[in-house]
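[1] Structure for the following, please:
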Amino acid sequence: MVAIQAHQRNMPFAVQRALSEANVDIRKDIDGIAFTRGPGIGGCLSVGSNAAKTLAASLNLPIVGVHHMQAHALTALLTSSTNPPQFPFLTLLVSGGHTLLLLATSLTSFRILATTPDESIGRAFDKVSRMLELTWTALGPGAALEQFCASKPEAVDVQADLPPFPRPLRGHLGFSYSSLHSYVERYITSQGGLRNVDEPTRLALARGFQTAAVDQLEEKLLLAFKWCKEHGVDVRDVVVSGGVASNTYLRERLAKCLEKVDGAQSVDNAVMIGWASMHRFLAGDHDDYSIDLRAK
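    As a prediction, this is how the structure comes out:
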């Protein structure tokens, strides 16, 4: 509910600021309007959809509804101007709503190689952060957990004293994160609650979870490369996007086996939606004003 209210409150100002900073006259310089069709929080999607449709109808402009995950996957084509990824490429989408490993073969063609039947990596980060009662700001609980893991580098590492974290679906192209946050929950319960878990152990739990979560991403990427090789698909590029891709530890880990990840446009942003809509606008492929949203 808070997110929906924030969208409602900020939408008019966001549109006004974007036009002002770009020095654009909406009546003369805009040829079409793109918006996020989904997936996402239904109420938030409705705010953006209604604003886009109202503006488009009042100005007699075409609209294009963009798939949120497609926009993330194509962001690298916008940000990597000197060496953009070439199709086919792998794209790892990691966010609060999704954990997907895709093979992108064109602007509109994606094959799912791995997904999760239970929990997304972003939601697991949020849950563990709340279990550890970490203080978080507008960046969210997941970012707070990352910051907590990076704090106190001189702290005594007690991870060796904890039972090992599970490694679900090892050797298979598939993700599973519910067992990781369940591990943290069970441990806290076994100690009689968080009040009985000291600071070094809380830090060890956070770091152990983050390590296990990223271990899984790294393993599945390597398995995806193996799958592509076995199926004669020549993949030379990987795009990592979604809110969780801003995690510095994740990027450092993946950089050891992949090219350096650009995190500037990893999180949700309007630029990626506009970029993902361009090929459709240029082709005259527009949506009707009655286009439905896709919450999932």
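
[2] Now do the most centrally placed residue in the chain against residue 123, distance only.
    For the chain, the residue sitting closest to the mean C-alpha position, by CA atoms, centre = their mean, is residue 242 at 2.0 Å. Counting by CB to CB, to the nearest Å, the separation of residue 242 from residue 123 is 12 Å. All C-beta spots, glycine's among them, are computed from the backbone N, C-alpha and C.

[3] Specify the local secondary structure of residue 91.
    For residue 91, the secondary-structure state derived from DSSP: H, G, I helix; E, B strand; the rest coil is strand.

[4] That one and residue 49, how far apart?
    With distances taken as CB to CB, residue 91 is found 25 Å from residue 49.

[5] So those two - more neighbours on which side?
    For residue 91 against residue 49, the residue with the higher neighbour count under other CB atoms under 10 Å is residue 91, and the figures read 25 against 19.

[6] mind listing what's buried in stretch 55-66?
    Of the residues in stretch 55-66, those scored as buried under the neighbour-count criterion (16 or more other CB atoms under 10 Å) are 55, 56, 61, 62, 63, 64, 65, 66.

[7] end to end, how far does it reach?
    Across stretch 55-66, the terminal residues are separated by 17 Å (CA to CA, to the nearest Å).

[8] ok, now stretch 72-88?
    One end of stretch 72-88 to the other measures 16 Å (CA to CA).

[9] and if you look at stretch 134-142?
    10 Å.

[10] SS state for residue 96?
    Relying on three-state DSSP, one would call residue 96 coil.

[11] which residue sits closest to the residue nearest to the centre of the chain, ignoring its sequence neighbours?
    Once its chain neighbours are removed from consideration, residue 242 has its nearest residue in residue 95; the separation is 3.6 Å (CB to CB, 6 or more residues apart in numbering).

[12] quick one: buried residues of the longest helix along the chain?
    Longest helix in the chain by number of residues (criterion: DSSP state H): helix 199-230. Buried residues in helix 199-230, defined by neighbour count with 16+ other CB under 10 Å: 201-210, 212-214, 216-217, 219-221, 223-225, 227-228.

[13] go on, stretch 95-105?
    When burial is assessed from 16+ other CB under 10 Å, stretch 95-105 yields the following buried residues: 95, 96, 97, 98, 99, 100, 101, 102, 103, 104.

[14] What ranges does this structure have for its helices?
    Across the chain, reading from the start of the chain, the helices by DSSP H fall at 2-22, 42-59, 68-79, 121-131, 141-150, 178-190, 199-230, 248-255, 270-282.

[15] Now do the longest one against helix 121-131, angle only.
    Orientation check (axes from the mean of the first three to the mean of the last three CA atoms, to 10 degrees): helix 199-230 against helix 121-131 gives 170 degrees.

[16] So which elements touch helix 199-230?
    Helix 199-230 makes packing contacts with strand 89-94, strand 99-104, strand 110-114, helix 121-131, helix 141-150, helix 178-190, helix 248-255 when contacts are defined by 3 or more CB pairs under 8 Å, 6 or more residues apart in numbering; DSSP states H and E.

[17] cool, the fourth one as well?
    Helix 121-131 makes packing contacts with helix 141-150, helix 178-190, helix 199-230 when contacts are defined by 3+ CB pairs under 8 Å, 6+ apart.

[18] about what we covered before: closest one of the buried residues of stretch 95-105 to residue 143?
    Using CB to CB, residue 96 comes nearest to residue 143 of the buried residues of stretch 95-105, at 11.1 Å.
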